[in-house]
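J.: missing the sequence, but the structure's below:
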């Protein structure tokens, strides 16, 4: 009987922590604080941090930063937003802290990240073009100057 009670308590704790994690996933781009997250899970602030770290192997803040950096990488790769706009779009309040955290997590600054992706994309397009037979280019693309 005691083991069933322990399992239900563990499931309840996990479910409550999962709710807080889902809140981070859905609202990472808006200001989130520890009080809101711990309230979502119905724990005190410090107990919430300890349990979240034990279950997910990162603190709530580390998880929030990770989500924001992941989204920033997507925006830097796929949009024409400036780095400053990306910073605010993903929920950071300071360009300096965004750039520092991005560099710490990714290994390069946001501007260099975008530049490297653009260069990689250009090179892969050029390599792909090399595999298209010239007669197909002329026939289907009507752009024989592409190969130059």
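T.: Here it is on my side, so go on. Small disclaimer: the values here were computed from a predicted structure and weren't measured.
J.: shaky segments in this structure?
T.: Along the chain, segments meeting pLDDT under 70 span 1-9, 121-148.
J.: That one: strands as residue ranges?
T.: With DSSP state E as the definition, the chain shows no strands.
J.: domain parsing for this protein?
T.: In the assignment given by automatic domain parsing, the structural domains of the chain cover 1-57, 65-148.
J.: Let me see the contact set for the closest residue to residue 23 other than its chain neighbours.
T.: Sequence neighbours aside, residue 40 is the residue nearest to residue 23 in space, at 5.0 Å (criterion: CB to CB, 6 or more residues apart in numbering). The way it works is simple: take the backbone N, C-alpha and C, and place the C-beta from them, glycine included. Shown in contact with residue 40 (CB atoms under 8 Å, 6 or more residues apart in numbering): 16, 19, 20, 23.
J.: Tell me how many other residues crowd the third one.
T.: Put plainly, it is residue 20. 24 (other CB atoms under 10 Å).
J.: The second one now?
T.: By the other CB under 10 Å criterion, the neighbourhood of residue 19 contains 13 residues.
J.: thinking it is in contact with residue 39, fair?
T.: No. Counting by CB atoms under 8 Å, residue 19 sits too far from residue 39 to count as a contact (10.4 Å).
J.: Kindly provide the distance from the residue positioned nearest the centre of the chain to residue 103.
T.: For the chain, residue 70 is the residue whose C-alpha lies nearest the centre (CA atoms, centre = their mean; 1.5 Å). Here the distance between residue 70 and residue 103 works out to 15 Å (CB to CB, to the nearest Å).
J.: for residue 105, what are its contacts?
T.: By CB under 8 Å, 6+ apart, the neighbours of residue 105 are 65, 66, 69.
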